[in-house]
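In: with the input below, show me the fold.
(chains A, B and C)
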Amino acid sequence: MLKVERLVVQQNDFSLRADFIIESECHIAVLGPSGAGKSTLLGAIGGYVPLKQGSVFVNGRNVSNTQPDQRGISMLFQDGNLFPHLTLTQNVGLGLRPTLRMTDAEKEQVHQALMCVGLAGFESRKPGDVSGGQQSRAALARMLVQAKPLMLLDEPFSALGPALRNEMLELTLEVAREASATIMIITHDPKDAERALDQILFVNAGQAYSPMPTADIMADPPVALSAYLGL
Amino acid sequence: MKYLMTTTAAVLCSSAAWAEMPVLKVYTYDSFVSDWGPGPAVEAAFEETCNCDLQFIGAGDGAALLARIKLEGQRSEADVILGLDTNLVAAAKETGLFTTHSVAAEYSLPISWEDDVFVPFDWGYFAFVHNVDMQAPTNFRALAESDLKIVIQDPRSSTPGLGLLMWVKAAYGDEAPLIWTDLADNILTVTKGWSESYGLFLDGEADMVLSYTTSPAYHLIAEEDTSKAAASFDEGHYMQIELAGKLANSKEPELADQFIAFMVSDGFQSIIPTTNWMYPAVTPTAGLPDGFDTLFLPQKSLLMSPEESAAVRDEALDEWLSALVQ
Amino acid sequence: MVKRAGAIGGPIVSGAVFALILAALVAVMSKANWPISFGVSDWAVVRFTIWQAILSASLSVVFAIPVARALARRQFQGRSALVTLLGAPFILPVIVAVLGILTVFGRTGWSSQLLGIFGLPPLSIYGLQGVVLAHVFFNMPLATRLILQGWQSIPTEQFRLVGQLGLPPYEVFKTLEWPLLKQVLPGALALIFVICLTSFAVALTLGGGPKSTTIELAIYQAFRFDFDLGRAAILSILQLVLAGTSAMLALWILPPIVLQSGFDRPLVRWDARGNFPRILDAIYIGVATIFLILPLSAVVVYGLIGLVKVPSTVWFAAWTSTWLAVISTGLLIIMALPVSAWLGGSKKGGAETLTLLGLAASPLMVGTGWFIIIYPLADPQYFALLVTALVNAIMALPFAVRVLVPGMRQSLVDYGRLNISLGLHGFLVWRIVLLPRIRTRLGFAAGLAAAMSVGDLGVITLFANPEWATLPLQMYRLMGSYQTTAASGAALILLVLALGLFWICDYWGRYAES
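Out: Numbering: from 1, shown residues only, chains lettered A, B, ... in the order given. Here you go, the predicted structure:
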């Protein structure tokens, strides 16, 4: 469902190359050292980083020159995923209606999504009034209502503790299953990948390798990955 | 809010009621239109007879009036300008915005007045006013040598200010720059208009203020206060004759003529002494109010013709500015 | 790419401001009588303008340093009230302050009376000393706040370290305070210098005649006294070049304008604990407080007495001024939002210099230029308030932009990607993101603009018409015509109006937070 074709991104001295295909409803861990180009890769797919060469296809549609919100992709960033001045309902509602002029049915949908992520009763709170974990849940609820076929997550849970991070990863996968979506999630912890994710996409020194099944790659990691993992 | 509504209502009603009434606009200096000036009484008196709406518009101080008219030019809505004086006559005529009048009156001015454009409405002598408990100087030289602080007016904006330039020039001629240099340290401040200066003086900020020999009459008559006096200078006192003229572009020329004629009649002239605190241009039948007889008359009166004052104005102004910026 | 917020509106508004000022200048020049005489007294005006601005800026900053230091390291009852008070002169109508200063420092004022008791001669306030005194009154608090803010940017840990090491005061000054002052002072000096360079109302009321005339006042005199448009045009250009150059040079070191709240936190200091520094600090704070409070309380006390003598024209003028301020603030918001979004989104603030034209251009030149432009088409009287409101808005624009840009920049940095990912663009970005995010700043900027507009005695002096006088003009007229008591009453009304309008806007901005 996601095809990245001979993609080249150039940022000053740094360049990133990628060429791979991801099947529908795959759950991909994006792994690699700092500065390898993980965020750049997700940014390029999402439409936040301009491409020098190559194309991005989502469900067979070339989206290389499409606006980020028109690509069939939803994305969570490391921070700044929620507007602090809006309630959780409004923040989630933005995923459905950027104008926030929601019909009753849409309001109900938002309510359901918040319930789904365990935020029932927090609808009219603002992000500042809830915990970090709850903020992450709200952001996931928005992904749920956005119901895009591809979800990109750029370490959105990195500020959370290990237990909470696990919980969020589980929830993310639930949301992805609920929405029948493909997800790509950047993580620093190979255990995340081993525990929950189907495939690993390894990025090293400006090169993104084709994703491989987690079990296979962990059984026989390439040299660079072993070095990164400290094996 | 309520205030606005009542005001709006009043404005609407009045404009409806006066829709048929011609409007006469008279530009004058600010203190003329103020509540304590002649404006309100004159307006009431003239409107009784003219079946018109007389509007006084305060357009700054005397000399600034002329600047205002120049700025507005042909488009000016003013019908009459009231408050220029002889020192400004030449400059005013040069604008070509004024037209002739046909008023004749028995003026009680110390000089004979004949001018086909401007009509006098009052007059007086410039003088420095002070508190009676003070030993006042008797001429400019004595003033310059003293430690007294005076407030004067800017000759570019105010007719008394310009009058003072002419006064020093008429009395001292080529020595005027020296007088100004000596006076510079006595000048507490130079204000835009007469009323600012006078206010400062009344607040005690200065020992003396450039005003008129008639000013003590205000304190005497209106406030029963005998503490103010005007200093008599032995060089003589420069005279001010305040004038009005009709604009060529007036939309109400007849009404303007009617107003100027009214201006030299008893109805207007009797208001002047106790509101503008000047000598009326035509002494009213009832004579001058009590108290005016206590005022001193200068031994010598000075006055330049409009042509003379126009000729020396720029030079005198430069001398004044140069002396005061040092 | 999606057009950024303000990417179209910003350049349009900036261009419009530039065109408005340029059109006025061209109009004035077209009326000029060439050749233009420019004599000794004109150069004296230029000299005085620069000299008084240098003096005002230096004295403001020199007095501000010990006061800011004392405030930074002392905790006492009423400290936060005092810090708030330091913000007041910025929104205080000039003419109100002048009346207060006259009451306290005038020849028959309180301080002269006090001197009289000891047989000393009264103070003379007119002229250079008066102009500088008023400027210091206005700008010393501003400088104090700027320096205080810098002081509080020194981490507490550093002072803790200094206390632990037992460094003597001179060493503390050298290692901690001097580097900070080196950073803060140039900006504070530059800002105050530029503000004082275009001073009008202070010089109009306290200048002692030709000797102490600023360029702005000379422009007014050329217009209103001589109607010498040629001279006014030349003076305007001179003003534009002088203030414009200073403003542009200063731009790189100008400090940001901070919101009221957020920095009212005394440092816990481990040095300066002895009795001597404590007493010294108390003296600095005490003297500064008295210097600020006395003129203000003079206005309040005499204002209450004068309130009963206030003529109805004053109330009407108050009403005129209020909606003039409302229009002006509305115009300011319309201009400031796209401009600040534009500048907040662009990398370098070079375009900010454009809005500084508002700081450098003479309001009177702009006003008269537009008077000349409108005159052949319609009666300028009908446009007097609109032109005044517009000019006031342009003059407030640099301040508003400096308040808004950091907020805009922050919002765009923090939420730019989120906006894109959610498909928020155009007016949606404004409605959903920017306006709510900068509301506090917008309220503050609007409050500043409203207070500055309501207290402004500038352009309206050109159009002066008794029926449509603004409150500052009406008050100025009362001051100039025996009616000192009524003028005091008007001053109190004006003071309440300016502070009230500021408070309403600022409260609206902060209301969202709670």
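
In: strands of chain A, start to end?
Out: Secondary structure of chain A (DSSP state E): strands at A:2-11, A:14-22, A:27-31, A:53-58, A:61-62, A:73-76, A:150-154, A:182-186, A:199-204, A:207-208, A:212-213.

In: residue contacts, the residue of chain A found nearest chain C?
Out: Of all residues in chain A, the one sitting closest to chain C is A:Asp69 (3.1 Å; Cβ to the nearest Cβ). Where C-beta positions appear, they are placed from N, C-alpha and C, glycine not excepted. Contact partners of A:Asp69, counting by Cβ atoms under 8 Å, 6 or more residues apart in numbering or on different chains, are C:Ile420, C:Ser421, C:Leu422, C:Gly423.

In: ok, A:Gly132 touching A:Leu160?
Out: Yes. In this structure, A:Gly132 is within contact of A:Leu160 by Cβ atoms under 8 Å, at 5.7 Å.

In: C:Leu22: neighbour count?
Out: A count of neighbours around C:Leu22, defined by other Cβ atoms under 10 Å in any protein chain shown, yields 14.

In: strands of the stretch 151-300 of chain C, residue ranges please.
Out: Counting by DSSP state E, counting those that start in this stretch, the stretch 151-300 of chain C has no strands at all.

In: who in it is up against chain B?
Out: Residues of the stretch 151-300 of chain C lying close to chain B by Cβ under 8 Å from any Cβ of the partner chain are C:Leu204, C:Gly207, C:Gly208, C:Gly209, C:Pro210, C:Lys211, C:Gln221, C:Phe223, C:Arg224, C:Phe225, C:Asp226, C:Phe227.

In: which other helices and strands contact the least confident helix or strand in chain A by mean pLDDT?
Out: Among the helices and strands of chain A, helix A:190-196 carries the lowest confidence by mean pLDDT, DSSP states H and E, at a mean of 81. If you count contacts as 3 or more Cβ pairs under 8 Å, 6 or more residues apart in numbering or on different chains; DSSP states H and E, helix A:190-196 packs onto strand A:27-31, helix A:162-178, helix A:214-219.

In: can you give me the helices for the stretch 51-200 of chain C?
Out: C:79-91, C:94-105, C:110-117, C:128-151, C:156-165, C:169-172, C:178-197 (DSSP state H, counting those that start in this stretch).

In: can you lay out the ones you listed as CSV showing mean pLDDT and mean neighbour count?
Out: Shown next, in CSV, are these (pLDDT from 0 to 100; neighbours: other Cβ atoms under 10 Å in any protein chain shown):
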stretch, mean pLDDT, mean neighbour count
helix C:79-91, 83, 17
helix C:94-105, 90, 26
helix C:110-117, 84, 13
helix C:128-151, 90, 24
helix C:156-165, 74, 14
helix C:169-172, 78, 14
helix C:178-197, 85, 20
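
In: would you reformat those as TSV and include distance to A:Pro222?
Out: Conversion of these to TSV gives the following (distance: least, Cβ to Cβ, whole Å):
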stretch	distance to A:Pro222
helix C:79-91	62
helix C:94-105	74
helix C:110-117	85
helix C:128-151	53
helix C:156-165	46
helix C:169-172	58
helix C:178-197	51
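
In: wait, which of the ones you listed is closest to A:Val9?
Out: With Cβ to Cβ as the measure, helix C:178-197 is the member of the helices of the stretch 51-200 of chain C nearest A:Val9 (38.7 Å).

In: for A:Pro68, give me its contacts.
Out: A:Gly46, A:Gly47, A:Tyr48, A:Met75, C:Ile420, C:Ser421, C:Gly423.

In: please parse chain A into its domains.
Out: A:2-72+A:149-229, A:82-147 (the TED database).
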